[in-house]
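Undergrad: need the 3D shape of this:
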Amino acid sequence: MKKLFLSVLLILLLAACGGGPGGGPASDTEDSSSTDANGEVQLAEQLSVYNWSDYIDEAMITNYEETYGVDVIYDTFASNEDLLAKLQAGAEGYDVIFPSDYMVAIMIDLGLLSKIDTADLPNFANIDPQFVGAPFDPNNEYCVPYQWGTTGIGYRADVEFFQENPPDSWAYVFEPEMLAQYADQGINVLNDPRELPGSALIYLGYDPNTTNPDELNEARDLILAAKPYWKTFNSEDYDNTLLIPGEVALTQGWSGDVANAYWNTYDDEAEDGNWYYSIPQEGAVKWLDNICITASTERYETALHFMNYMLEAEVAAAVTNFTYYASPNEAAKEFILPEILEDESIFPPQDVQDKLVWLTEVGEDAFLYDELWTAVKSSQ
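TA: Residues are numbered from 1 along each chain as shown. All right, here's what the predicted structure looks like:
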């Protein structure tokens, strides 16, 4: 594990999109955008975007609104499951959404996403080939990559136990004898029904996408034994409410959130921040969040235009410089802060990437994870 590089410089790169898409596949719904006599897309007056919390440089939203005259209605969700539940409940006002990898596959199966043609997205050429054709959308027929990262361990640098024993294993999250050393200082885990079991399964040596009931029961028991030592289940705002103010000493966390806590506790005199990040030796989940268009949108062409804008190199870089998550946009690297681009906790080297695993859809066996999660959350 390499601790976060030391810097306090943060640059916001404002850039207009270098030309929007000229059209797209016909939508199944009426499109409130239109085409003028010259065949140019006339954008809709509004666009509704549904994203994760603190997951975009809002200056990029403002820049889009001012450049293209579209009022962006921006809302946030806390988990993939919350996003899915909202759409399944009949919410039809959202145009652009940002689901993670395995959730994309679920939404495709449920018919919740519009098809796209990447030929209509000039800036799709900016994407690093390793992120093109991911297993959950092998032909990029529905989504384009947005941000990627890992799920590991964030820990406070000033905790004496960690100075002698830097967390390098999921044992620091799941083993009671280990947890007892620092539980009184607070431990947070992600409130996520795939991420928490996934890390437990990896620690046990199993596939985080297993559908073997015995393996899942073993992971459930591991989690239940550790739960009394945990202070919080928080995946929405833990970096700002728990890490930065020092309310916990250790967290299961996403790479960019821990990086955010590092930079926001950075001290010029000490030339260091309070939070470090580790990818455990057993391996970890890697994930890719995506930009997709809902099947219910009535503003397909405007949504596609916004998608292309988010793939602009300078815009994608500004997002990474704000979120501290890695960009799958190869062209953006020219504009990403060197301190971020060279930080191996954000852009892991190949030997670390070799230990990372995707979460994938488990199909009709999803109920097994639902049962595990219900057992975890309902236990006292």
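Undergrad: state the distance from L311 to H305.
TA: Taking CB to CB, to the nearest Å as the measure, L311 falls 11 Å from H305. Glycine gets a C-beta too; all of them are placed from N, C-alpha and C.
Undergrad: ok, I61 touching V72?
TA: Yes. Counting by CB atoms under 8 Å, V72 is a contact partner of I61 at 5.1 Å.
Undergrad: now stretch 53-73: buried residues?
TA: 54-57, 60-61, 63-64, 68, 70, 72 (16 or more other CB atoms under 10 Å).
Undergrad: that one: how far from the chain's middle?
TA: Once both centres are worked out by CA atoms, centre = their mean, to the nearest Å, stretch 53-73 turns out to sit 19 Å from its chain's centre.
Undergrad: pull the residues that contact that stretch.
TA: Identification of contacts with stretch 53-73 by CB atoms under 8 Å, 6 or more residues apart in numbering yields 12, 14-17, 20, 43-49, 74, 76-78, 93, 98, 147, 236-237, 239-240, 260, 289, 302, 305-306, 309-310, 315, 318-319, 321-323, 325.
Undergrad: got a quick PyMOL command for the buried subset of the residues you listed?
TA: To isolate the buried members of the contacts of stretch 53-73 in PyMOL, using 16+ other CB under 10 Å:
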select buried, resi 15+17+20+43+44+47+48+49+76+77+98+147+236+239+260+289+302+305+306+309+310+315+318+319+321+322+323+325
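Undergrad: from the contacts of stretch 53-73, which land in strands?
TA: Cross-referencing the contacts of stretch 53-73 against strands under DSSP state E gives 46-49, 74, 76-77, 147, 289.
Undergrad: can you give me the end-to-end span of stretch 321-337?
TA: 7 Å (CA to CA, to the nearest Å).
Undergrad: ok, the nearest residue to N329 once chain neighbours are set aside - contacts?
TA: Spatially, and ignoring its direct neighbours in sequence, N329 is nearest to A316 (3.8 Å; CB to CB, 6 or more residues apart in numbering). In this structure, A316 makes contact with 126, 310, 327, 329, 331-332, judged by CB under 8 Å, 6+ apart.
Undergrad: do E330 as well
TA: Taking CB under 8 Å, 6+ apart, we find E330 in contact with 126-129.
Undergrad: neighbour-wise, which of those residues leads?
TA: The residue in the contacts of E330 with the most neighbours, by other CB atoms under 10 Å, is I127 (22 neighbours).
Undergrad: tell me the bridge partners for that one.
TA: Under DSSP bridges, the beta-bridge partners of I127 are N329.
Undergrad: find the centremost residue of this structure, please.
TA: Note on the chain: the residue nearest the mean C-alpha position is D289, at 5.0 Å, using CA atoms, centre = their mean.
Undergrad: beta partners of that residue?
TA: S100, Q147.
Undergrad: I figured it hits N80, correct?
TA: No. Between D289 and N80 there is no contact under CB under 8 Å: 9.3 Å.
Undergrad: overlap in contacts of the two?
TA: With CB under 8 Å, 6+ apart as the test, D289 and N80 both reach 99-100.
Undergrad: return the helix or strand in this protein with minimum mean pLDDT.
TA: Sorting the helices and strands of the chain by mean pLDDT, DSSP states H and E puts strand 34-35 at the bottom, at a mean of 55.
Undergrad: low-confidence bits of this protein, can you list those?
TA: Residues of the chain that meet the criterion pLDDT under 70 lie in 1-40.
Undergrad: where along it do the strands fall?
TA: Along the chain, counting by DSSP E, strands occupy 34-35, 41-42, 46-52, 71-77, 96-97, 143-156, 187-189, 232-233, 250-254, 275-278, 284-293, 356-358.
Undergrad: output those as TSV; include the columns distance to Y172.
TA: Below are the strands of the chain laid out as TSV (distance: least, CB to CB, whole Å):
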stretch	distance to Y172
strand 34-35	56
strand 41-42	52
strand 46-52	25
strand 71-77	29
strand 96-97	34
strand 143-156	6
strand 187-189	9
strand 232-233	16
strand 250-254	6
strand 275-278	8
strand 284-293	13
strand 356-358	18
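Undergrad: let me know which of the ones you listed is tucked in deepest.
TA: Highest mean neighbour count among the strands of the chain (mean count of other CB atoms under 10 Å): strand 250-254, with a mean of 29.
Undergrad: and it, how far from the chain's centre?
TA: Using CA atoms, centre = their mean, the mean C-alpha position of strand 250-254 is found 14 Å from that of the whole chain.
Undergrad: again, but for stretch 252-270
TA: 17 Å.
Undergrad: ditto for stretch 314-329
TA: 12 Å.
Undergrad: so who does F347 touch?
TA: If you count contacts by CB under 8 Å, 6+ apart, F347 has them with 326, 340-341.
Undergrad: so which residues of the stretch 1-150 of the chain form helices?
TA: Taking DSSP state H, counting those that start in this stretch as the criterion, the stretch 1-150 of the chain carries its helices at 58-68, 80-88, 101-109.
Undergrad: now those helices in a markdown table, with distance to F367?
TA: Shown next, in a markdown table, are those (distance: least, CB to CB, whole Å):
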| stretch | distance to F367 |
| --- | --- |
| helix 58-68 | 38 |
| helix 80-88 | 13 |
| helix 101-109 | 13 |
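Undergrad: what's the closest of those helices to K377?
TA: Within the helices of the stretch 1-150 of the chain, the stretch nearest K377 is helix 80-88; the backing value is 12.1 Å (CB to CB).
Undergrad: for the closest one, which positions count as buried?
TA: Buried-residue list, helix 80-88, by 16+ other CB under 10 Å: 80-81, 83-84, 87.
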